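Peer 1: build the 3D model from these lines:
(one chain, ligands or ions: 1)
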Amino acid sequence: ATFSSLSDRLTATFKNLRTKGKLTPADVDGTVREIRRALLDADVALEVVKDFTGKVRERALSDEVNKALNPAQQVVQIVNEELVGILGGQQRRLEFAKKPPTVIMLAGLQGAGKTTLAGKLAKWLKKEGHTPLLVASDLQRPNAVTQLQVVGEQAGVPVFAPEPGNGVGNPVKVAKDGVKEAERKQYDTVIVDTAGRLGIDAELMKQASDIRKAVDPDEVLFVIDAMIGQDAVTTARAFQEGVDFTGVVLTKLDGDARGGAALSVASITGRPIMFASTGEGLDDFEPFHPDRMASRILDLGDILTLIEQAQEAFDEEEAKKVAEKFATDTFTLDDFLKQMQQLRNMGSLKGMLGMLPGARGMREALDNFDEREIVRTEAIIQSMTLAERTTPKLLNGSRRLRIAKGSGTTVTDVNQLVLRFEQAAKMMKTVAKGGTPQVPGMGPI
Ligand code: GDP
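Peer 2: Predicted coordinates:
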């Protein structure tokens, strides 16, 4: 997937720090150098890399570092926060007009995935309870109108296209008429698909800018292909100057691109990434969460997604109890085991485990994963005394050895389970208290 090689490199860098007792300036420099190389190799724009590594370095050397954390954790914590920052910080949702229809205009190069995105967005909006209308203002590409009609049909959303002889060749007029049509027929959102060229050109910019002036959109979404690499910066800047936009949509995040565009665009333009497109199908689309993306890149596990899925599967009473346990720090290994057993009911156990922190290293194991993982976890926890299950801190070396022997596993297995439990518990604790989850195992900042 898009960030896998960056992710592997960063995780390897952090792993090197794990054996260090203290973070020396030389360690910081070495680590920052590695991060810099990894980002550049992922096609992140040089200026973004410089800024990013500068901040990480400064913070890692400063007094702010949390002395309770080990060096690897300190660095991961800082890198995570800075990564969330360059991805735009908070999640930014679509803003709807007080007086409908809300007009959303799409802009971007040809092939970026605008028309496909128009269909995805329409389908998603419909699911969210809106009544969208698609407007075909891309009159440049011969079959763009037909293509929009096809995705509109798939999404079950009507398409406004120029009638022959009425506005043909005039995308500005089509856009305006489309908005009028929406007002007349009371659609609450209008998605205006516009033309793109293969490269940036003045005429394209003027047309997009004219459409913007004519329909005064509430949102202008700049659609950019994540595979575009280093050109992302020039393209984004040109669109910002030529049309300007309120948000960014990244497409083709399912490809093997190195993902640098994704990491550069928000920070270069100061505009948030609002959606991500991850495939050719209309459902391969999701609102973008900077914190979740950062956790994915750093292999911290997508705890939030995990929680959302868990919430759907657990009954509410049970969930409340568990949340209370998290918040009051009384969540035990026994509870953990119960949770895992409940996860079994959730269908894709493999997917769930994949979202737990540190799961990346177990990817191969996950591919052959079967219920044995739970059986092993069960065996390990059952080999613990009640006191150990409640207070994992008691688990010194000799106890761990005893547990490994008792459960037919290894000390490493026991260590991993305890570590994963602690990370999950700490992270969930923050979430349960209503805070933003921080790096697992590190507590609040
Ligand atoms: P437009 O010229 O900007 O309107 O781009 P299109 O919507 O026609 O998309 C160009 C090509 O990219 C089409 O073949 C789409 O199926 C494909 N495409 C669009 N979005 C994605 C995506 O997220 N992932 C992948 N793999 N392909 C996509």
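Peer 1: run a quick neighbour tally on residue 184.
Peer 2: For residue 184, the neighbour count with other Cβ atoms under 10 Å is 8. Every C-beta, even on glycine, is put in place using the N, C-alpha and C of the backbone.
Peer 1: that one and the ligand: what is the separation?
Peer 2: Taking Cβ to the nearest ligand atom, to the nearest Å as the measure, residue 184 and the ligand are separated by 27 Å.
Peer 1: and the pLDDT for that residue?
Peer 2: At residue 184, the model reports a pLDDT of 97.
Peer 1: the host helix or strand of it: how far from the chain's middle?
Peer 2: Residue 184 belongs to helix 171-185 when assigned by DSSP states H and E. From the chain centre to the centre of helix 171-185 is a distance of 34 Å (Cα atoms, centre = their mean, to the nearest Å).
Peer 1: who are the packing partners of it?
Peer 2: On a contact count with 3 or more Cβ pairs under 8 Å, 6 or more residues apart in numbering; DSSP states H and E, helix 171-185 meets strand 132-137, strand 159-160, strand 189-194, helix 202-215.
Peer 1: worst mean pLDDT among the ones you listed?
Peer 2: Among the helices and strands packed on helix 171-185, helix 202-215 scores lowest, with a mean of 93.
Peer 1: what is the burial count for residue 134?
Peer 2: 26.
Peer 1: ignore what I typed, I meant residue 382.
Peer 2: When neighbours are counted by other Cβ under 10 Å, residue 382 comes out with 13.
Peer 1: which ones are touching the residue nearest the centre of the chain?
Peer 2: The centroid of the chain falls nearest to residue 293 when counting by Cα atoms, centre = their mean (3.0 Å). Residue 293 sits next to 87, 262, 276 when contact means Cβ atoms under 8 Å, 6 or more residues apart in numbering.
Peer 1: wait, residue 258 sits on residue 6?
Peer 2: Yes: Residue 258 is in contact with residue 6 according to Cβ atoms under 8 Å; the separation is 6.9 Å.
Peer 1: who touches stretch 171-185?
Peer 2: Stretch 171-185 has contacts (Cβ under 8 Å, 6+ apart) with 101, 103, 105, 133, 135-140, 160-162, 167, 187, 189-190, 192, 194-195, 207, 210-211, 214-215.
Peer 1: one more time with 6 Å
Peer 2: Contact with stretch 171-185 is made by 101, 103, 133, 135, 137, 139, 160, 162, 167, 190, 192, 210-211, 214-215, as judged by Cβ atoms under 6 Å, 6 or more residues apart in numbering.
Peer 1: picking up where we left off before, out of the helices and strands packed on helix 171-185, indicate the one that is most buried.
Peer 2: Most buried of the helices and strands packed on helix 171-185, by mean neighbour count (mean count of other Cβ atoms under 10 Å): strand 189-194, with a mean of 29.
Peer 1: and the helix or strand hosting residue 403, what's buried?
Peer 2: According to DSSP H and E, residue 403 maps onto helix 397-407. Across helix 397-407, burial judged by 16 or more other Cβ atoms under 10 Å covers 399, 400, 402, 403, 404, 407.
Peer 1: off-centre distance for that helix?
Peer 2: For helix 397-407, the distance to the chain centre is 39 Å (Cα atoms, centre = their mean).
Peer 1: list the helices and strands it packs on?
Peer 2: With contacts defined as 3 or more Cβ pairs under 6 Å, 6 or more residues apart in numbering; DSSP states H and E, helix 397-407 has these neighbours: helix 411-432.
Peer 1: and the helix it packs on, what does it pack against?
Peer 2: For helix 411-432, the packing partners by 3+ Cβ pairs under 6 Å, 6+ apart are helix 316-327, helix 397-407.
Peer 1: tell me which of those helices lies nearest to the ligand.
Peer 2: Proximity of those to the ligand was assessed by Cβ to the nearest ligand atom; the nearest stretch is helix 316-327, lying at 33.4 Å.
Peer 1: which residues of the stretch 151-300 of the chain lie near the ligand?
Peer 2: 196, 251, 252, 254, 255, 277, 278, 279, 280, 284 (Cβ under 6 Å from any ligand atom).
Peer 1: ok but the fifth one is inside a helix, no?
Peer 2: No: the assignment for residue 255 (DSSP: H, G, I helix; E, B strand; the rest coil) gives coil, which keeps it out of a helix.
Peer 1: quick check: domain ranges of this protein?
Peer 2: 4-86, 102-295, 303-432 (automatic domain parsing).
Peer 1: most packed of those domains?
Peer 2: domain 102-295 (a mean of 20).
Peer 1: how long is it from one end to the other?
Peer 2: 32 Å (Cα to Cα, to the nearest Å).
Peer 1: also stretch 263-280?
Peer 2: 22 Å.
Peer 1: and of the helices and strands packed on helix 171-185, who's closest to residue 324?
Peer 2: strand 189-194 (39.8 Å; Cβ to Cβ).
Peer 1: and the angle from the closest one to helix 202-215?
Peer 2: Here the directions of strand 189-194 and helix 202-215 differ by 160 degrees (axes from the mean of the first three to the mean of the last three Cα atoms, to 10 degrees).
Peer 1: now for strand 189-194, which elements pack on it?
Peer 2: In terms of contacts (3+ Cβ pairs under 6 Å, 6+ apart), strand 189-194 is packed against strand 102-107, helix 114-127, strand 132-137, helix 171-185.
Peer 1: any idea how far that strand is from the middle of the chain?
Peer 2: The answer for strand 189-194 is 25 Å, by Cα atoms, centre = their mean.
Peer 1: give me the contact list for it.
Peer 2: Counting by Cβ under 6 Å, 6+ apart, 101-107, 114-115, 118, 121-122, 125, 130, 132-138, 148, 175, 179, 182, 208, 211 sit against strand 189-194.
Peer 1: can you rerun that using 8 Å?
Peer 2: With Cβ under 8 Å, 6+ apart, strand 189-194 has contacts from 96, 100-107, 114-115, 118, 121-122, 125, 130-138, 144, 148, 171, 175, 178-179, 182, 207-208, 211, 215, 217.
Peer 1: measure residue 215 to residue 194 for me?
Peer 2: To residue 194, residue 215 is 10 Å away according to Cβ to Cβ, to the nearest Å.
Peer 1: any common contacting residues for those two?
Peer 2: Joint contacts of residue 215 and residue 194 (Cβ under 8 Å, 6+ apart) are 105, 175.
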